[in-house]
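Novice: coordinates only, sequence not included:
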Ligand code: AMP
């Protein structure tokens with residue numbers, strides 16, 4: 001797997017979103033149901049307004065003495081979302097996550113969100129590639145003995 005396009009072919013293109021009028025509790029409920037750590041916040045015109053992750057909840061709700069039912073997702077989301085596109089390499093995506101200190105990257109193509117990748121997806125893709133390489137090298141070595 002060299003690019004985000006190949007990763008999404010395996011993973012799928014589902015993107016879980018909440019509306020801008022959702023509460024943090026709504027966002028956490030859907031994250032729990034879908035077993036994920038981030039949701040995109042989408043405005044009425046379908047534009048991405050931001051991203052909310054479990055880390056936002058920990059830092060901007062719990063630590064600040066707020067409650068999830070009385071806090072809007074827009075109060076804790078990161079509005080300046082960093083995207084990748086289908087042609088972005090897995091290595092570049094990993095470097096971006098490290099540099100930006102985030103574990104989720106939505107995938108944007110032609111102005112539309114085509115999927116979302118997490119650090120877990122990227123690590124799995126890297127391990128998968130290494131396993132294939134090891135397999136090939138083992139075949140090469142045993143074949144040449
Ligand atoms: P995460 O490590 O993904 O839980 O996110 C850590 C912080 O970065 C949180 O404040 C998120 O809202 C923010 N964040 C996560 N992903 C992105 C992204 N793709 N673009 C901008 N901010 C992000």
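Specialist: Done, it's in. The structure displayed is predicted, hence computed values, not measured ones.

Novice: Residue 72: how many residues sit nearby?
Specialist: Residue 72 has 15 neighbours, counted by other C-beta atoms under 10 Å. C-beta: built from backbone N, CA, C; applies to glycine.

Novice: for residue 135, same thing?
Specialist: 10.

Novice: In a helix, it, correct?
Specialist: Yes - using DSSP: H, G, I helix; E, B strand; the rest coil, the assignment for residue 135 is a helix.

Novice: Next, work out how far apart it and residue 19 are.
Specialist: 46 Å (C-beta to C-beta, to the nearest Å).

Novice: Okay, and the beta partners of residue 18?
Specialist: Per DSSP bridges, the residues bridged to residue 18 are residue 41.

Novice: And residue 59, how close does it get to residue 66?
Specialist: Residue 59 sits 11 Å away from residue 66, taking C-beta to C-beta as the criterion.

Novice: Next: residue 56.
Specialist: With C-beta to C-beta as the criterion, residue 56 and residue 66 are 11 Å apart.

Novice: These two: which is more packed in?
Specialist: The neighbour comparison of residue 56 against residue 66 (other C-beta under 10 Å) goes to residue 56, with 19 against 15.
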